[in-house]
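1. Here you go, sequence then predicted model.
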Amino acid sequence: MKLIEGGVTAAKGFLSASTAAGIKYRDRMDMAMIYSETPCTAAGTFTTNIVKAAPVKWDQEIVSSSSKAQAVVINAGIANACTGQEGYGYCKATAQAAAEVLGIEEGSVLVASTGVIGMQLPIDRIVAGVKTMAPVLEGSLESGAQSAQAIMTTDTKRKEAAVQVELGGKMVTIGGMCKGSGMIHPNMCTMLGFITTDAAVSKEMLQQMLSEDVEDTYNMVSVDGDTSTNDTVLLLANGMAGNPEITEKNQDYEVLKEALHVVNETLAKKIAGDGEGCTALFEVQVVGAASKEQAKVLAKSVITSNLTKAAIFGHDANWGRILCAMGYSGADFDPEKVDLFFESASGRLQIIENGVALNYSEEEATRILSQPEVTAIADIKMGAAKATAWGCDLTFDYVKINADYRS
């Protein structure tokens, strides 16, 4: 496997474009389009929030059908959530506009929105944006990067990843982009993500590998405990790499799934590390667990603890907050057997052994916790299973950002 530059345009046959449509922002690009030169097999995972945005409902229908997908239209600024039949109608109008200008079927156009809940889309600007982007679609890495920039809301940096693997003697590429900074919490998927690949793979296998991998990547991220109405991850495969089609769980399936995992994990960590107002990516590893599910429950509980997140912001080795969060997680373990470590680029330090504090240096702990990427490792000594979750610290700026988000 080889890490390469790029995002949604890294794979063969995928083009993108972006534009400033003036949907909410007046000084930046706020729309993007992804287009495949050939129809794609499509897979998707969506929010578990009962309140689902109109684009989620539109995409779920397309992904669950036998339809091929060929384009995705994304806007930032307005979420098109809680907008009733009018909002759903705007999804259809967006797809119709894209279908007309691209010469494809309306049912092959997926849509996605992010931003303020409850506002109606300015559909005239959306349609104008679609017509502006279609003629300038291109497959350059720069175009992909601009699209990743255009879908941002409170994000401070664009998020892309791409890898290459060999399948059946053919070079296959998987690339993706995502956005996510606030309203980030499991389960599924806590963001908007768009993954493209030129691999040939059946719809059943594509959906299975995405659904399985989401559990270990995006579903292990939490910034603020709020699950969005718009969470969507779409995976498109156009088969242009020319590899033998993957129709069963064979070796090629496992290789492609591992490549997808690398892209998804990279994007998931970028979301966690760009949480609204954050200063540090906070990773929690639970090892020595009796089962993977036990490890996941414990890791998620720590990553979502506001008290722990505040301690990380203060560079305070307040290990009691971590043990407390593990204790109310609902997972059974023996707190008197837990070893806890803090780790960063500044070193590794054991804080507790068998549930009791060691005589560690507070100064060294603070130095380790002052890095932009910090890891807590909890060994519960019950088995060989493990899991990792990602989040960030909780800062003053998080409140500032969300206090006036609509203005």
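-> Noted; the coordinates are in hand.
2. what about the residue nearest to Thr47 when sequence neighbours are not counted, neighbour count?
-> Closest residue to Thr47 apart from its sequence neighbours, by Cβ to Cβ, 6 or more residues apart in numbering: Asp231 at 3.7 Å. C-betas here are computed from N, CA, C, even on glycine. Neighbour count of Asp231, defined by other Cβ atoms under 10 Å: 28.
3. Same check on Gly87?
-> 24.
4. same check, this time on Ala295
-> The number of residues packed around Ala295, counting by other Cβ under 10 Å, is 26.
5. do you know how far it is from Met326?
-> 11 Å (Cβ to Cβ, to the nearest Å).
6. In the stretch 101-250 of the chain, where is pLDDT below threshold?
-> 181-190, 223-228 (pLDDT under 70).
7. Please, where are all the helices along it?
-> Ranges of helices in the stretch 101-250 of the chain, per DSSP state H, counting those that start in this stretch, are 123-133, 141-150, 203-214.
8. Nearest to Phe282, out of these?
-> Set against Phe282 and scored by Cβ to Cβ, the helices of the stretch 101-250 of the chain come closest in helix 203-214, at 20.6 Å.
9. what comes into contact with the closest one?
-> 41-45, 63, 66, 188-189, 195, 201, 233, 235, 237, 246-249, 253, 256-257, 260-261, 264 (Cβ atoms under 8 Å, 6 or more residues apart in numbering).
10. Now, those residues that are in strands?
-> Thr41, Ala42, Ala43, Gly44, Thr45, Ile195, Val233, Leu235, Ala237 (DSSP state E).
11. number of nearby residues for the nearest residue in space to the fourth one that is not next to it in sequence?
-> Right, the one you point to is Gly44. Take Gly44 and drop its neighbours on the chain: the residue closest to it by Cβ to Cβ, 6+ apart is Val63, 4.0 Å away. Other residues within reach of Val63, judged by other Cβ under 10 Å, total 21.
12. and the closest residue in space to Phe333 that isn't next to it in sequence, how many neighbours does it have?
-> Closest residue to Phe333 apart from its sequence neighbours, by Cβ to Cβ, 6+ apart: Ile380 at 4.7 Å. A count of nearby residues for Ile380, using other Cβ under 10 Å, gives 25.
13. Give me the pLDDT for Ile380.
-> Ile380 carries a pLDDT score of 98 in this model.
14. residues touching it, list them.
-> Ile380 touches Val286, Val287, Gly288, Ala289, Leu298, Phe333, Asp334, Lys337, Val338, counting by Cβ under 8 Å, 6+ apart.
15. which strand residues sit across from the fourth one in the sheet?
-> Right, Ala289. Ala385 (DSSP bridges).
16. That one contacts Lys386, correct?
-> Yes: taking contacts as Cβ atoms under 8 Å, Ala289 lies within contact range of Lys386: 6.2 Å.
17. hey, what's in contact with both of these two?
-> Ala295.
18. What strand or helix carries Trp58?
-> helix 54-64 (DSSP states H and E).
19. In the chain, which helix is the longest?
-> In the chain, taking DSSP state H as the definition, the longest helix is helix 251-273.
20. Go through it and flag the buried ones.
-> 252-253, 255-257, 259-273 (16 or more other Cβ atoms under 10 Å).
21. tell me what it is packed against?
-> Other helices and strands packing on helix 251-273, by 3 or more Cβ pairs under 8 Å, 6 or more residues apart in numbering; DSSP states H and E, are strand 159-167, strand 170-179, strand 192-197, helix 203-214, strand 281-289, strand 385-392.
22. Enumerate the positions of the second one that are buried.
-> Of the residues in strand 170-179, those scored as buried under the neighbour-count criterion (16+ other Cβ under 10 Å) are Val172, Thr173, Ile174, Gly175, Gly176, Met177, Cys178, Lys179.
23. That strand packs against which elements?
-> Going by 3+ Cβ pairs under 8 Å, 6+ apart, strand 170-179 lies up against helix 141-150, strand 159-167, strand 192-197, helix 251-273.
24. what's the average pLDDT for the longest helix of the chain?
-> Helix 251-273 comes out at a mean pLDDT of 94.
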